[in-house]
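In: Provided below for reference: sequence and predicted model.
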Amino acid sequence: MKKLVMVFALGAMLGSCGGAASIDVESLDSPCGCAEATVTVLDESIDMLNDFKDIEDPSDDVREDFAEDYKPIQDKMDEIEKKCVGDLAIEKADKDCEAAKEAADKLEEMLKMMR
């Protein structure tokens, strides 16, 4: 149990040093920038979900810790989704924007994990 709490705490600390936590959503000014931000958040989501999925029969405390640690990532994704609409929608990214393609693949991967 202590190891699990340490894993979540380490994940939260690493997330706060960069990655999703460091994304300045207001500065996103292109569809490709939105796609890059989305990929960053999805990568962190997938990593956290993988860690949680590996826990056999998690207790209520572990579930609560996970939900608490996951909330900032979900909040950041919500911010990105609100900002990246219209002309900033990922679907409007140029064909040479690799992040737009990667975002679709990452989203599909995450949705499969959540089923």
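Out: Structure received. These figures come from a predicted structure and were not determined experimentally.

In: quick one: pLDDT of the residue sitting nearest the centre point of the chain?
Out: Averaging the C-alpha coordinates of the chain gives a centre point, and the residue nearest to it by C-alpha atoms, centre = their mean is residue 41 (2.7 Å). Residue 41 is assigned a predicted lDDT (pLDDT) of 95.

In: so which helix or strand takes in it?
Out: With elements delineated by DSSP states H and E, residue 41 resides in helix 31-53, which encompasses its position.

In: Output that helix as CSV - backbone C-alpha positions only.
Out: Once side chains and other backbone atoms are set aside, the C-alpha atoms of helix 31-53 remain, and they are given as CSV (Å, rounded to 0.1, in the frame of the first residue of the first chain):
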residue,chain,number,x,y,z
PRO,A,31,-4.2,23.7,-34.3
CYS,A,32,-0.8,22.0,-34.2
GLY,A,33,0.0,23.6,-30.9
CYS,A,34,-3.3,22.4,-29.6
ALA,A,35,-2.5,18.9,-30.9
GLU,A,36,0.9,18.9,-29.2
ALA,A,37,-0.7,20.0,-25.9
THR,A,38,-3.3,17.3,-26.2
VAL,A,39,-0.6,14.6,-26.8
THR,A,40,1.3,15.7,-23.7
VAL,A,41,-1.9,15.4,-21.6
LEU,A,42,-2.9,12.1,-23.1
ASP,A,43,0.6,10.7,-22.5
GLU,A,44,0.3,11.5,-18.8
SER,A,45,-3.3,10.2,-18.7
ILE,A,46,-2.2,6.9,-20.3
ASP,A,47,0.7,6.5,-18.0
MET,A,48,-1.4,7.1,-14.9
LEU,A,49,-4.2,4.8,-16.2
ASN,A,50,-1.6,2.1,-16.9
ASP,A,51,-0.2,2.4,-13.3
PHE,A,52,-3.7,2.2,-11.9
LYS,A,53,-4.8,-0.7,-14.1
